[in-house]
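Enquirer: Show me how the following folds:
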Amino acid sequence: MKASKFILSLFIIMALASMALAASLGASNVAALLEKSKDLSGLDLSGLDLSGLDSDFNNVDFSRAKLVGANLSGLTLEYTNFYGADLTGANLSDVSLCPSNLKSAVLKNAVLRKAYISDVDLSGADLSGADLRGVNFDSVDFTGAILTGADFTGAKLNGLKGVDKAVGADKAIGLAR
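Expert: Numbering: from 1, shown residues only. Below you'll find the predicted structure:
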């Protein structure tokens, strides 16, 4: 019994420390953190402008991270894990995501204009209202994704999978069916 209470106490202390770290992170601190670890999972990076950082964002684990309104435009995000991350309203214009995992990610009203997205798992992701104009899609899985109101105008749609199993594909703009 004492061992389980100790483990629970240790877990609570670690969770509080993680929350304190996330609350104090700024863009320059994220760059310093990336030099030591590629694990940013679960952190709250909302509103940060990471676009101008001269850091290596390849192989970064953003799983379950909160990036609401963050600016990641122009970054190369290869082999990056965004599983379950919240990217609501984030700017991902001109990013290169190949290959990366965005399974179950929330990209509501996110801007991905002119991004290059290849070999990416977007299954179960929420892309409602996302700006996908001019995106170059190649070998992307949309199975179970929410596409209602997403704007695919001018997008290159090569090798898409699961569009027929996506929610709201008929309410997406510019998506050939």
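Enquirer: hey, let's count contacts and neighbours off CA atoms from now on
Expert: Fine.
Enquirer: Measure how far stretch 55-62 is from the centre of its chain, please.
Expert: Relative to its chain's centre, stretch 55-62 lies at 11 Å (CA atoms, centre = their mean, to the nearest Å).
Enquirer: Name the residues of that stretch that are buried.
Expert: Neighbour counts over stretch 55-62 (16 or more other CA atoms under 10 Å) mark 55, 57, 58, 60, 61, 62 as buried.
Enquirer: Confidence-wise, which helix or strand of this structure is lowest on average?
Expert: Here the helix or strand of the chain ranked lowest by mean pLDDT, DSSP states H and E is helix 2-24, holding a mean of 51.
Enquirer: Restricted to strands, list the buried residues of stretch 55-62.
Expert: With DSSP state E as the criterion, strands contain none of these.
Enquirer: Which element is encountered next along the chain beyond the least confident helix or strand of the chain?
Expert: Counting by DSSP states H and E, the next helix or strand C-terminal to helix 2-24 is helix 27-36.
Enquirer: What lies in contact with the next helix or strand after that following helix?
Expert: Sequence order places strand 96-97 as the next helix or strand after helix 27-36, per DSSP H and E. Residues from elsewhere that reach strand 96-97 (CA atoms under 8 Å, 6 or more residues apart in numbering): 74, 75, 76, 77, 78, 79, 80, 115, 116, 117, 118, 120.
Enquirer: In TSV: those, plus neighbour count and pLDDT.
Expert: Below are the contacts of strand 96-97 laid out as TSV (neighbours: other CA atoms under 10 Å; pLDDT from 0 to 100):
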residue	neighbour count	pLDDT
74	17	95
75	23	94
76	19	94
77	20	95
78	21	95
79	18	96
80	22	97
115	24	98
116	19	98
117	23	98
118	21	97
120	23	98
